[in-house]
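1. When you get a sec, could you give me coordinates for this:
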Amino acid sequence: MKQRNPAAVFLLALITFGIYGIYWEVKTKGELKQQGADIPTAWLIIIPLANLYWLWKYAVGVEQVSKGKISAVLVLILMLLLSIVGMAILQSEFNKLGEAPAGGPVPPTPPTDPTPPTVTPPANPEPPVPPATPPVV
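-> The predicted structure follows:
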């Protein structure tokens, strides 16, 4: 998830009378879909009653991507009752998810030996062959 300032999310949504809030929902929806969430098209945001269905699917997608760390019911309450304040709180949680490693702790890599391999000569080397001299005629 992209790191955004939660205060900026709140202030931009407030200054633009909610238009940035819709933009933020669409952008975070795209980021959630990239991580495997099943959220329908954002066009449903502008359709009465369908936007409630969309918001629920968005909340379920947040819960799925966060692996249960953020409850879908909590997301729904934040978005419906607290509106732009809820968006800022949710962005703060997204920032925390973005900081955590995706697959859990990374195991350390074993150290490599910087010395080059040594080449050992064969046990019974053959004696050098003297150069052949041409016969004298």
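2. list the contacts for the residue nearest to residue 98 when sequence neighbours are not counted?
-> Closest residue to residue 98 apart from its sequence neighbours, by CB to CB, 6 or more residues apart in numbering: residue 1 at 4.3 Å. Yep, even glycine has a C-beta here, placed from its N, CA and C like the rest. Residue 1 makes contact with 28, 31-32, 35, 94-95, 97-98, according to CB atoms under 8 Å, 6 or more residues apart in numbering.
3. swap the cut-off to 10 Å and go again
-> Residues near residue 1 by CB atoms under 10 Å, 6 or more residues apart in numbering: 28, 31-32, 34-35, 65-66, 91, 93-99.
4. Where in the chain is the helix or strand with the lowest mean pLDDT?
-> The weakest-scoring helix or strand in the chain, judged by mean pLDDT, DSSP states H and E, is helix 84-99 (a mean of 93).
5. could I get it in PDB with only the CA atoms?
-> What follows is helix 84-99, C-alpha atoms only, in PDB (Å, rounded to 0.1, in the frame of the first residue of the first chain):
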ATOM      1  CA  ILE A  84     -13.200  11.600   6.300                       C
ATOM      2  CA  VAL A  85     -12.000  11.100   9.800                       C
ATOM      3  CA  GLY A  86     -12.500   7.300   9.200                       C
ATOM      4  CA  MET A  87     -10.500   7.600   6.000                       C
ATOM      5  CA  ALA A  88      -7.600   9.200   7.900                       C
ATOM      6  CA  ILE A  89      -7.700   6.500  10.500                       C
ATOM      7  CA  LEU A  90      -7.800   3.800   7.900                       C
ATOM      8  CA  GLN A  91      -4.900   5.400   6.000                       C
ATOM      9  CA  SER A  92      -2.900   5.300   9.200                       C
ATOM     10  CA  GLU A  93      -3.600   1.500   9.400                       C
ATOM     11  CA  PHE A  94      -2.700   1.100   5.700                       C
ATOM     12  CA  ASN A  95       0.600   2.800   6.400                       C
ATOM     13  CA  LYS A  96       1.300   0.300   9.200                       C
ATOM     14  CA  LEU A  97       0.500  -2.600   6.900                       C
ATOM     15  CA  GLY A  98       2.800  -1.200   4.200                       C
ATOM     16  CA  GLU A  99       5.700  -1.100   6.700                       C
END
